[in-house]
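> using only what follows, build the 3D model:
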Amino acid sequence: MKNKKSTEREGNLEGEALSRVLERASVLVTALPYITRYAGKTIVVKYGGNAMLDTSLKAAVTQDIVLLRAVGFRPILVHGGGPEISELMRRVGKQPEFVGGLRVTDRETVELVEMVLVGKVNTSIVSLINQQGGLAVGVSGKDAQLIVAEKREGAAVDLGFVGDVQKINPQLLLSLCDAGYIPVVSSVGAGLDGESYNINADHVAGEIAAAVGATKLIVLTDVAGVFSNPKDSGTLLPEVSVSQAKSLIADGVADRGMIPKLEACIRAVEGGVQRSHIIDGRVPHSVIMEVFTDSGVGTMVLPD
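Alright, predicted model coming up:
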């Protein structure tokens, strides 16, 4: 027979459980306008940084992507793999070198890049998404001439087999989205002559977002967003215009890895994408917070 204290404790637990249910219901109701607004729309997510290395963050990102697909969005995931590439380079006795946030890539390195991105990272992400209940398909820029590349020229030093996107052929991605799949794109492309090129994944994401007519581009990184003073955490910029973003690059405020991220957002917005976002991938479920809240997270890049 239960005593009075036991009965009261069960009543409290029931109250706490009810509170949790109500809180979850409130979250779903809050998300409803965004689900309605973006149903059927394409969202490109550039996946990189610590979110690719930490096990719990990897689970959170893939859950976010599966959730977006489940509520009617058309997510496309574009990934890099910088830390993994650098690790393999060191293992074979090569020292990674970067200029302006881009990896100097000789012929041996471009082969290593392709091995890591296509053979390891891409298949791993696809597997994680599928484990979460999604239907992911891995593709590289070489598949169906998705990314036609050309050698990057005009750099202060010869970057080797580093490419720029010459053209995106989006039909493969659109067909996969139409069929209910989640495309996972590795940033390796080929020139018209068949030469392989290592292309910055941020740039690829921006070009793909423009080519598929995405509503949003979301770039995951290892900082809270874009700062007017990178040394002062209190100077986070919630939003910037394209002109302001260009000034941040030209004035040297944005440097190293932030340069290609801002360039990707600029390219996407100038290509017709409504909004681009640079957000903190170290925060679990930051993609969902960006899509389903008014305030969002990180820095939003808007048209002038």
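
> which element is the most centrally placed residue in the chain on?
The residue lying closest to the centre of the chain (CA atoms, centre = their mean) is Lys46, at 1.7 Å. Lys46 belongs to strand 42-47 when assigned by DSSP states H and E.

> over to Ile218?
Here Ile218 sits within strand 216-221, counting by DSSP H and E.

> list the buried residues of that strand.
Lys216, Leu217, Ile218, Val219, Leu220, Thr221 (16 or more other CB atoms under 10 Å). C-beta coordinates here come from the backbone N, C-alpha and C atoms, glycine included.

> assign a three-state SS to Leu57, would you?
Three-state call for Leu57 (DSSP: H, G, I helix; E, B strand; the rest coil): helix.

> with the one 4 residues further on instead?
Reducing the assignment at Val61 to three states with three-state DSSP gives helix.

> quick one, what contacts it?
By CB atoms under 8 Å, 6 or more residues apart in numbering, the contact set of Val61 is Val45, Tyr47, Ala51, Leu220, Gly281, Val287.

> could you report the separation of the second one from Ile218?
It refers to Tyr47. From Tyr47 over to Ile218 the distance is 9 Å, taken as CB to CB, to the nearest Å.

> now the helix or strand containing Ile278 and strand 42-47, what's the angle there?
According to DSSP H and E, Ile278 maps onto strand 275-280. Orientation of strand 275-280 against strand 42-47 (axes from the mean of the first three to the mean of the last three CA atoms, to 10 degrees) gives an angle of 30 degrees.

> just how off-centre is strand 275-280 within its chain?
Remark: strand 275-280 is offset 9 Å from the chain centroid, using CA atoms, centre = their mean, to the nearest Å.

> do stretch 124-144 as well
With CA atoms, centre = their mean, you get 14 Å for stretch 124-144.

> need the contact partners of that stretch.
Contact with stretch 124-144 is made by 47, 58-59, 62-63, 65-66, 69-70, 77, 79, 114, 117-118, 122-123, 146-147, 149, 169, 171-173, 176, 180-190, 196, 199, 204, as judged by CB under 8 Å, 6+ apart.

> buried stuff in it?
124-126, 128-129, 132, 134, 136-143.

> also stretch 48-67?
Neighbour count says stretch 48-67 has 48-49, 51-52, 57-58, 60-67 buried, by 16+ other CB under 10 Å.

> return the closest of those with respect to Gly100.
Lowest distance from Gly100 to those (CB to CB) belongs to Gly48, with 16.8 Å.

> list the contacts for that closest one?
Residues near Gly48 by CB under 8 Å, 6+ apart: His79, Gly80, Gly81, Gly82, Ala201, Asp202, Leu220, Thr221, Gly281.

> sheet partners, orientation included, of the strand holding Lys46?
In the sheet, strand 42-47 lines up against strand 74-79 (parallel), strand 216-221 (parallel) (DSSP bridges).

> picking that back up, in CSV: the contacts of Gly48, plus distance to Val27 and pLDDT.
Formatted as CSV, these follow (distance: CB to CB, whole Å; pLDDT from 0 to 100):
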residue, distance to Val27, pLDDT
His79, 28, 96
Gly80, 31, 89
Gly81, 33, 89
Gly82, 34, 86
Ala201, 31, 94
Asp202, 31, 95
Leu220, 22, 95
Thr221, 25, 92
Gly281, 21, 92
